[in-house]
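Peer 1: sequence and predicted structure below; questions after.
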Number of protein chains: 2
Amino acid sequence: MTPTRTSARRPGGRSARVQADVYAAVGALVSEGHRDTMTVPQVAERAGVNPTSIYRRWGGVATLLEEVAVAALTGDEPMPDTGAIRGDLEAWAGIIVADITRPERIVYLRAMVSARQGTPGECPCWETRDEQAGQMLARAAERGEAVPTVAQVLNHVVAPLYHHVVFGLHADEAFAHSLVADVLAMAPARVLAH
Amino acid sequence: MTPTRTSARRPGGRSARVQADVYAAVGALVSEGHRDTMTVPQVAERAGVNPTSIYRRWGGVATLLEEVAVAALTGDEPMPDTGAIRGDLEAWAGIIVADITRPERIVYLRAMVSARQGTPGECPCWETRDEQAGQMLARAAERGEAVPTVAQVLNHVVAPLYHHVVFGLHADEAFAHSLVADVLAMAPARVLAH
């Protein structure tokens, strides 16, 4: 049962490094505003890899972007709809934390941060999360539930999750659920106060 | 009133770039755990500047660290003590946001993020903020005020501030105060619930 050595190119250390470098390069280019114009040679140069490696592995920029950046950021997947805001937010926060704690996503997010210049005032992840939270909160409000604001959900669920991931603090589903419990504790107080 | 050109070395574009590069290098080295062992040549190499430039401008690592990293992170300055938790947290959050939105601090924080590897589970800024919040909340609890937990203050005031800064979203004193209002809205609910 000794592993054979006949395969010249096995997935392994070097392959994983190329992937991490390419993901980081894509993250940096997206962050700099080149999401819609980036080319394989640009990604290759930034990542310090041969363009051929990228063509061979991903085919082109579209597939690469799809794999690296799109998964949990576009909101193409249906949003949780459990019938109650607590269930929706817990499911949603759980999806986010599972996604952004994947090693390749951490690399991507840190590269995004590192490539940011000044304070542009917007960020791709943030805008998608804004839309997603808005959908869930609107449905809950229609059902007559007391709900926090979209800004509160972003600042008190999404921001701490991303903060923990990029700064290297632990984040898991239990942490995500505790943030949801906290933000829901703001909702009744607001209803009483206004 | 034409500016004279007699001074060969004026503070300006190149000087500001050197400072930003040096700050970023220090941020990266601190983040990698070299806070107590870094040398001027290490900082110079990482920053891509001549060691002489660093010696001339900062004297040595101690002064440089003091200037770059220590200001608002060590908590040497007295903590706000306004007599009420709202006032304390607002003053404290205002100090933090004023500090971390300075351009050189943004550069430093992004370099820290960029240098993080994996999920070490701790972060220098976070630990200092933990101690500071703990002091204020303990005083408030002694006065009989309903207070959120230290973890809630960290997750819902400190984390969103740092998140906004590193991702390039706007953060100012009004935003910091709104986060304090949100976290205080959690406190009474907790008192009633438990």
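Peer 2: Yep, that arrived. Numbering: from 1, shown residues only, chains lettered A, B, ... in the order given.

Peer 1: report the buried residues of the worst-scoring helix or strand of chain A on mean pLDDT.
Peer 2: Ranking every helix and strand in chain A by mean pLDDT, DSSP states H and E puts helix A:61-65 at the bottom, with a mean of 77. Neighbour counts over helix A:61-65 (16 or more other C-beta atoms under 10 Å in any protein chain shown) mark A:61, A:64-65 as buried. In short, each C-beta sits where N, CA and C put it, glycine included.

Peer 1: ok, and what's touching it?
Peer 2: Contacts with helix A:61-65, where a contact means C-beta atoms under 8 Å, 6 or more residues apart in numbering or on different chains, come from A:22, A:26, A:30, A:35, A:38-40, A:43, A:54, A:58.

Peer 1: helices of chain A, start to end?
Peer 2: A:13-31, A:40-47, A:51-58, A:61-65, A:85-100, A:103-115, A:124-142, A:150-153, A:159-167, A:173-193 (DSSP state H).

Peer 1: where does the prediction get shaky in chain A?
Peer 2: Within chain A, the ranges that satisfy pLDDT under 70 run A:1-12, A:66-78, A:188-194.

Peer 1: what is the nearest of the buried residues of helix A:61-65 to chain B?
Peer 2: A:Leu65 (19.4 Å; C-beta to the nearest C-beta).

Peer 1: A:Tyr55 and chain B, how far apart?
Peer 2: A:Tyr55 sits 28 Å away from chain B, going by C-beta to the nearest C-beta, to the nearest Å.

Peer 1: before we move on, what about A:Pro41?
Peer 2: Taken as C-beta to the nearest C-beta, the span from A:Pro41 to chain B is 24 Å.

Peer 1: how many neighbours does that residue have?
Peer 2: 11 (other C-beta atoms under 10 Å in any protein chain shown).

Peer 1: that one: what's it in contact with?
Peer 2: A:Pro51.

Peer 1: dump the buried residues of helix A:61-65 to JSON lines, plus distance to B:Ala174.
Peer 2: Formatted as JSON lines, these follow (distance: C-beta to C-beta, whole Å):
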{"residue": "A:Val61", "distance to B:Ala174": "40"}
{"residue": "A:Leu64", "distance to B:Ala174": "40"}
{"residue": "A:Leu65", "distance to B:Ala174": "36"}
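
Peer 1: close to chain B: what parts of chain A are there?
Peer 2: A:101, A:103, A:106, A:110-114, A:116-123, A:125-126, A:152, A:155-156, A:159-160, A:162-170, A:179, A:182, A:185-186, A:188-190 (C-beta under 8 Å from any C-beta of the partner chain).

Peer 1: what subset of these is buried?
Peer 2: Here, 16+ other C-beta under 10 Å leaves A:101, A:106, A:110-114, A:116, A:119, A:123, A:125-126, A:152, A:155-156, A:159-160, A:162-169, A:179, A:182, A:185-186, A:188-189 buried among the residues of chain A next to chain B.

Peer 1: can I see the domain layout of chain A?
Peer 2: Domain ranges of chain A: A:13-70, A:85-193, per automatic domain parsing.

Peer 1: deepest of these, which one?
Peer 2: With neighbours defined as mean count of other C-beta atoms under 10 Å in any protein chain shown, the domains of chain A peak in mean count at domain A:85-193, which reaches a mean of 19.

Peer 1: just the endpoints, please. Distance across stretch A:145-158?
Peer 2: 21 Å (C-alpha to C-alpha, to the nearest Å).

Peer 1: gap between that stretch and the chain center?
Peer 2: Its chain's C-alpha centre and that of stretch A:145-158 lie 18 Å apart, by C-alpha atoms, centre = their mean, to the nearest Å.

Peer 1: what's the answer for stretch A:28-39, then?
Peer 2: Worked out by C-alpha atoms, centre = their mean, stretch A:28-39 lies 16 Å from the chain centre.

Peer 1: what's that stretch in contact with?
Peer 2: Under C-beta under 8 Å, 6+ apart, the answer for stretch A:28-39 is A:26, A:42-43, A:46, A:61, A:65, A:69, A:111-117, A:124.

Peer 1: next one: stretch A:149-158
Peer 2: So stretch A:149-158 is contacted by A:89, A:93, A:96, A:126, A:129-130, A:133-134, A:137, A:148, A:176, A:179-180, A:182-183, A:186, A:190, B:155-156, B:160, B:179, B:182 (C-beta under 8 Å, 6+ apart).

Peer 1: ok, now which ones touch the closest residue in space to A:Asp81 that isn't next to it in sequence?
Peer 2: Distance criterion C-beta to C-beta, 6 or more residues apart in numbering or on different chains; nearest residue to A:Asp81, sequence neighbours excluded, is A:Asp88 at 6.6 Å. Counting by C-beta under 8 Å, 6+ apart, A:Asp88 makes contact with A:79-82, A:136, A:139-140.

Peer 1: rebuild the contacts of helix A:61-65 as a markdown table, extending it with distance to B:Gly144.
Peer 2: Listed next are the contacts of helix A:61-65 as a markdown table, based on distance: C-beta to C-beta, whole Å:
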| residue | distance to B:Gly144 |
| --- | --- |
| A:Val22 | 57 |
| A:Val26 | 54 |
| A:Val30 | 50 |
| A:Arg35 | 53 |
| A:Met38 | 58 |
| A:Thr39 | 64 |
| A:Val40 | 64 |
| A:Val43 | 59 |
| A:Ile54 | 63 |
| A:Trp58 | 61 |
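
Peer 1: let me know the closest of those residues to A:Ala16.
Peer 2: Comparing the contacts of helix A:61-65 against A:Ala16 with C-beta to C-beta places A:Val22 closest, at 10.8 Å.

Peer 1: that closest one and chain B, how far apart?
Peer 2: For A:Val22, the distance to chain B - C-beta to the nearest C-beta - is 17 Å.
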